[in-house]
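Trainee: Okay, predicted coordinates and the sequence, questions at the end:
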There are 2 protein chains.
Amino acid sequence: METANKKILLVEDDPNFGIVLKDYLTMNDFDVVLAKNGMEGFEKFKKDNFDVCILDVMMPYKDGFTLAKEIREKNEHVPIVFLTAKTMKEDVLKGYKAGADDYLNKPFDSEVLLMKLKAILQRKASNGLADSKKFEFTIGGFQLNSKLRFLKYKDEEAIKLSPKENELLRLLALHENDLMPRELALTKIWRDDNYFTSRSMDVYIAKLRKYLKKDENVEILNIHGEGFRLVVKTEE
Amino acid sequence: METANKKILLVEDDPNFGIVLKDYLTMNDFDVVLAKNGMEGFEKFKKDNFDVCILDVMMPYKDGFTLAKEIREKNEHVPIVFLTAKTMKEDVLKGYKAGADDYLNKPFDSEVLLMKLKAILQRKASNGLADSKKFEFTIGGFQLNSKLRFLKYKDEEAIKLSPKENELLRLLALHENDLMPRELALTKIWRDDNYFTSRSMDVYIAKLRKYLKKDENVEILNIHGEGFRLVVKTEE
DNA sequence: CATTTTTGTTAAGGTTAGGTTAAACGTACA
DNA sequence: TGTACGTTTAACCTAACCTTAACAAAAATG
């Protein structure tokens, strides 16, 4: 499981409802930042990294849609959920156009909100869009702890990873089953993209392959000229 | 002509409702393929490329969630909208887990559905999934993943494609059943149009034909002096 | 129907990217 | 000053990729 709580930006102008909802979410292990209007919401958004934004539609100074558009300009992927007083078709369309991920009509069942949040976060996570804060990975029969830099296969003793081994495997894991471009690793880990750093990376790929050999369902494939792909075969 | 209608796969077991909804969507400039159950829906999905899938949740043989999972295995990105009879919390969560993009409760306002579809298509489009970023194709019994550069026939092991093979097949797929002008491939892929590049392209056409031989309903036809045409015969 | 042009196909050749191992290098630290 | 560790560089080899050549077949041309 993930250790760090997910961060939510909640923008709601009704102070009573805002505080109740904030407390409810906090009780359910979210870190909540509450803003009283669109203006304040945008300021707070810029100053932090949020996993989800929950925006009331009807607000003074800056309504939810306008705020959503501004947020989208800063961050293309952060999930946005709208809260609205009643179902108005125009609002629904407007919301989706502003880049909404979901929609809730007030009054709503708080449990439904919770489930939607969980589902959205899970979807984003599995889509690989998050996260610079992810340190623990399951790779087939392996457990990678990227903070403590070790790789453990089933019940065997953990293998210690060097910084480069660790970062490279972590990048691959973040892109599991997808392309991890050569250039990405070189710029992120080696901070330079030339012939020698590239060869160095190949050496590390070889090392990782050696470690991962223990599980035949895990392998690092090369996509010629593009990069590498960490594949985990899921047998039936 | 890039104004081709968007293609929808509609899977709905109630024949009356299915036909009415299909007609309504057709009237609104969508191309709709209707399937009566999950089984049939999956068959039809495999045989074509859709822009959106609308799935009823409650269906005989194969329910909407199972179908959604199967669709996700073939295509990671196609938007999926669920139709469900009533709001059941478990279903909402299950749906999002299966990779839903949206959710509608029956009975629903048909205009709302239209708007959601438009919004979803727009969102996908603005997220850069236009022509230039489309990389998953169904070609008869084949699945082409143009990002990861592989071609998979049914459940056989994926064939790796070289960059040129991949781009060429992708261009052909983008013009499925239509002319893909020689000159287009040469300028887009080879960046030069002369005798030698043209011969090189012919070599690649031969390679692709060899791969595609596995499915006798798929072939690359030559249009003398013009270009090539990727044809997928749909029997029945 | 002979000739030219275009396409189909296979194979050889050259070039570059990647796989792997080992030695060299650098730095921290005992 | 040496040893331990992480990293880079070198070296050698294989695999992947693309082009070119060569010849055959098909289609257009006059």
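Mentor: Alright, I've got the coordinates.

Trainee: Would you mind measuring from A:K116 to DNA strand D?
Mentor: Applying Cβ to the nearest atom of the strand, to the nearest Å, the value for A:K116 to DNA strand D is 42 Å. Quick note: C-beta positions are derived from backbone N, CA and C, even for glycine.

Trainee: who touches the one helix or strand A:F196 maps to?
Mentor: Using DSSP states H and E, A:F196 sits in helix A:195-212. By Cβ atoms under 8 Å, 6 or more residues apart in numbering or on different chains, the residues outside helix A:195-212 that reach it are A:139, A:142, A:151, A:159, A:164-165, A:168-169, A:172, A:182, A:185-186, A:189-190, A:218-220, A:228.

Trainee: again, only using 6 Å
Mentor: Applying Cβ atoms under 6 Å, 6 or more residues apart in numbering or on different chains, the external contacts of helix A:195-212 come out as A:159, A:164-165, A:168-169, A:185-186, A:190, A:218, A:220.

Trainee: Restricted to buried residues, select the residues you listed in PyMOL.
Mentor: In PyMOL, this line selects whichever of these come out buried by 16 or more other Cβ atoms under 10 Å in any protein chain shown:
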select buried, chain A and resi 164+165+168+169+185+186+190+218+220
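
Trainee: For the helix holding A:F196, what is the distance to the chain centroid?
Mentor: 27 Å (Cα atoms, centre = their mean, to the nearest Å).

Trainee: same question for it, mean pLDDT?
Mentor: Per-residue pLDDT values across helix A:195-212 average out to 97.

Trainee: List the buried residues for that helix?
Mentor: For helix A:195-212, by 16+ other Cβ under 10 Å, it's A:197, A:201, A:204-205, A:207-208, A:211-212.

Trainee: So which of the contacts of helix A:195-212 belong to strands?
Mentor: A:159, A:218, A:220 (DSSP state E).

Trainee: Can you report how many residues neighbour the nearest residue to the second one once chain neighbours are set aside?
Mentor: What that stands for is A:V218. Of all residues not flanking A:V218 in the chain, A:G140 sits nearest, at 4.0 Å (Cβ to Cβ, 6 or more residues apart in numbering or on different chains). Residues lying near A:G140 (other Cβ atoms under 10 Å in any protein chain shown) number 19.

Trainee: got it, and the one 3 residues further on?
Mentor: Burial of A:Q143, expressed as a neighbour count using other Cβ under 10 Å, amounts to 15.

Trainee: Please settle this for me: is it part of a strand?
Mentor: Yes: checked against DSSP: H, G, I helix; E, B strand; the rest coil, A:Q143 lies within a strand.

Trainee: Any idea what it is bridged to?
Mentor: A:T138, A:K152 (DSSP bridges).

Trainee: Could you verify my assumption that it touches A:K152?
Mentor: Yes: with contact defined as Cβ atoms under 6 Å, A:Q143 counts as touching A:K152 (4.6 Å).

Trainee: Lowest mean pLDDT among the helices and strands of chain A, which one is it?
Mentor: Every helix and strand of chain A was ranked by mean pLDDT, DSSP states H and E. The lowest is helix A:89-97, at a mean of 63.

Trainee: List, one by one, the residues from chain A near DNA strand C.
Mentor: Applying Cβ under 7 Å from any atom of the strand, we find that chain A lies next to DNA strand C at A:182, A:198-199, A:202-203, A:205-206, A:209-210, A:222, A:224-227.

Trainee: Between which two of those residues is the distance greatest?
Mentor: With Cβ to Cβ as the measure, no two of those lie farther apart than A:K210 and A:G225, at 23.8 Å.

Trainee: and the helix holding A:F196, C-alpha only, in PDB?
Mentor: This file holds the C-alpha atoms of helix A:195-212, laid out as PDB (Å, rounded to 0.1, in the frame of the first residue of the first chain):
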ATOM      1  CA  TYR A 195      27.100   8.100 -26.600                       C
ATOM      2  CA  PHE A 196      28.800   7.300 -23.300                       C
ATOM      3  CA  THR A 197      25.900   7.800 -21.000                       C
ATOM      4  CA  SER A 198      23.800   5.800 -23.300                       C
ATOM      5  CA  ARG A 199      26.300   2.900 -23.200                       C
ATOM      6  CA  SER A 200      26.400   3.200 -19.400                       C
ATOM      7  CA  MET A 201      22.700   2.800 -19.300                       C
ATOM      8  CA  ASP A 202      23.000  -0.300 -21.400                       C
ATOM      9  CA  VAL A 203      25.400  -1.700 -18.800                       C
ATOM     10  CA  TYR A 204      22.800  -1.100 -16.100                       C
ATOM     11  CA  ILE A 205      20.100  -2.700 -18.200                       C
ATOM     12  CA  ALA A 206      22.200  -5.800 -18.300                       C
ATOM     13  CA  LYS A 207      22.700  -5.700 -14.500                       C
ATOM     14  CA  LEU A 208      18.900  -5.400 -13.900                       C
ATOM     15  CA  ARG A 209      18.200  -8.200 -16.300                       C
ATOM     16  CA  LYS A 210      20.500 -10.400 -14.300                       C
ATOM     17  CA  TYR A 211      18.600  -9.600 -11.100                       C
ATOM     18  CA  LEU A 212      15.200 -10.100 -12.700                       C
END
